[in-house]
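Novice: Next one to model:
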Amino acid sequence: MNSTDFYADAEQFLMSIDADWKNLIATVGRCEFTPQAEREPYEALVRAVAYQQLSTKAGNSIFGKFLLHFGGFPNPEQLISAEFDDLRAVGFSGRKIETIKGIAQASLIGLIPSRDLAERMSNEALIEQLVTLKGIGQWTVEMMLMFTLRRMDILPADDLGIVEGYKRLKKLDVAPKRKQMAEIGTAWSPYRSVASWYLWRVPK
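Specialist: This is a model prediction of the structure:
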């Protein structure tokens with residue numbers, strides 16, 4: 001099945017859940033979820049850390065400066081040898097610098113799998129292996145699963161945009177916590193990545 005057919009099936013499935021989902025999909029329009037399949041897990045993890053706890057606009061600004069500093073995306077050796085003060089000037093916090101340098105080191109020693117190997121690993125196995133890295137939590141790995149490995153049934157249940165989107169969709173007074181969000185999301189399987197994409201776009 002090609003991506004167009006898959007997204008069409010996902011849209012029909014989600015619209016059948018209730019009137020709120022039907023209205024959301026009618027308002028937002030066709031799903032344009034675009035994974036970056038050419039990236040390696042190393043690059044995907046660095047990108048995810050760069051955007052942690054930032055708005056898309058702020059993340060784009062900092063990451064743009066990061067790419068400009070290196071003249072493109074740095075390989076692990078370049079990132080490891082980069083000066084702390086140069087990365088601070090880009091806009092990264094000290095903690096993020098420590099984390100992305102740790103990712104680069106882990107890539108060199110094989111703790112971060114190549115794309116080919118990652119393709120053959122389950123979601124659970126990748127999460128279990130990668131959250132052992134300092135500063136890498138489940139959300140970071142889930143972003144990689146969705147946007148690099150094209151896994152179509154991922155719900156980052158503690159993602160701020162998703163929980164706030166669901167809160168607005170359902171007109172709730174309080175956004176659901178991670179465990180509750182994960183339980184709610186079971187009804188969206190096997191299209192939870194598409195559901196996540198729509199929840200990020202719930203109109204404000």
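
Novice: Give me the neighbour count for the closest residue to Trp200 other than its chain neighbours.
Specialist: Nearest non-adjacent residue to Trp200, counting by C-beta to C-beta, 6 or more residues apart in numbering: Gly161, 4.7 Å away. Glycine gets a C-beta too; all of them are placed from N, C-alpha and C. As a burial measure, Gly161 scores 15 neighbours (other C-beta atoms under 10 Å).

Novice: Give the buried residues for the helix or strand containing Gly161.
Specialist: Here Gly161 is covered by helix 160-169, with elements defined by DSSP states H and E. Neighbour-count burial for helix 160-169, counted by 16 or more other C-beta atoms under 10 Å, picks out Ile162, Val163, Glu164, Gly165, Tyr166, Lys167, Arg168, Leu169.

Novice: Please apply the same query to stretch 42-54.
Specialist: Tyr42, Glu43, Ala44, Leu45, Val46, Arg47, Ala48, Val49, Ala50, Tyr51, Gln52.

Novice: Tabulate the CA atom coordinates of stretch 46-60 in CSV.
Specialist: The C-alpha trace of stretch 46-60 is given here as CSV (Å, rounded to 0.1, in the frame of the first residue of the first chain):
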residue,chain,number,x,y,z
VAL,A,46,20.4,15.0,17.6
ARG,A,47,17.6,16.9,15.8
ALA,A,48,15.0,15.7,18.4
VAL,A,49,17.2,16.8,21.3
ALA,A,50,17.7,20.2,19.6
TYR,A,51,14.0,20.8,19.5
GLN,A,52,13.2,19.4,23.0
GLN,A,53,11.0,21.8,25.1
LEU,A,54,11.0,24.5,22.4
SER,A,55,8.4,25.8,20.0
THR,A,56,8.9,24.9,16.4
LYS,A,57,9.9,28.5,15.6
ALA,A,58,12.5,28.7,18.4
GLY,A,59,13.8,25.2,17.5
ASN,A,60,14.1,26.1,13.8
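
Novice: Check the offset of that stretch from the chain's centre.
Specialist: How far stretch 46-60 lies from its chain's middle: 10 Å, per C-alpha atoms, centre = their mean, to the nearest Å.

Novice: hmm, who's touching it?
Specialist: Contacts to stretch 46-60, defined as C-beta atoms under 8 Å, 6 or more residues apart in numbering, come from residues 39, 62-63, 66, 73, 79, 92, 96, 99-100, 103-104, 135-136, 139-140, 143-144.

Novice: Could you tell me how far the residue nearest to Trp200 is located from Trp139?
Specialist: Distance, Gly161 to Trp139, using C-beta to C-beta, to the nearest Å: 11 Å.
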